[in-house]
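*Asks:* Kindly generate the corresponding structure for this input.
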Amino acid sequence: MKILNYLSYFTLLVAAGLVALSGYWLIFPYKPIEVKSMVVSTTQVESGGVLIYDVDYCKPAPIKASITRSFVNGIIFTTNTVFGDAPTGCHKNSVYIQVPQELTSGEYSLRVTWSYKVNPIREIAITRDSNRFTIVGSDIDRQAEQENN
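*Replies:* The predicted model follows:
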């Protein structure tokens with residue numbers, strides 16, 4: 001009978017510990033990265049060309065991120081998700097990405113989302129939008145121009 005009492009107390013103690021741990025994981029204010037600024041330095045780029053944007057950030061912990069980039073112009077064109085592991089500390093990086101050829105000419109902004117899995121039950125996403133830039137000379141625009149002529 002004593003063994004069942006001890007086993008019951010142990011089970012309750014473990015359950016209370018798991019509830020406390022889960023609560024901590026859910027409400028702790030994680031800050032996996034602080035993006036101070038994100039500026040596209042290439043103000044005009046050809047469709048299919050290379051776009052350069054500069055990111056000023058501070059990252060306190062060595063956590064890997066999944067990074068999603070989207071081109072926003074009334075519609076949202078999302079590119080493939082990549083995985084990155086930026087160094088900890090405060091840094092300024094220039095990032096080079098290829099502009100999809102499917103984008104039509106026009107003004108866009110770049111939306112970047114960094115997603116961090118900070119513990120087994122929580123993921124934190126930080127999203128920043130860049131300044132506006134222009135995409136010119138897309139294949140779609142050239143095809144439409146040829147069809148009109």
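*Asks:* C-alpha from now on. contacts and neighbour counts both.
*Replies:* OK.
*Asks:* any idea where the strands of the chain begin and end?
*Replies:* Per DSSP state E, the chain carries strands over the ranges 34-40, 44-46, 50-59, 65-73, 75-78, 82-84, 89-98, 106-119, 122-136.
*Asks:* Which parts of this protein belong to which domain?
*Replies:* Domain assignment of the chain by automatic domain parsing yields the ranges 1-29, 31-148.
*Asks:* Below-threshold pLDDT in the protein: ranges please.
*Replies:* Residues of the chain meeting the criterion pLDDT under 70: 1, 138-149.
*Asks:* and the longest helix along it, which residues are buried?
*Replies:* Longest helix of the chain, by residue count under DSSP state H: helix 2-27. By neighbour count on 16 or more other C-alpha atoms under 10 Å, the buried set for helix 2-27 is W25.
*Asks:* now swap in stretch 86-102 and tell me
*Replies:* For stretch 86-102, using 16+ other C-alpha under 10 Å, the buried residues are 86, 99-100.
*Asks:* Name the surrounding residues that touch that stretch.
*Replies:* Here stretch 86-102 makes contact (C-alpha atoms under 8 Å, 6 or more residues apart in numbering) with 46-62, 64, 138-140.
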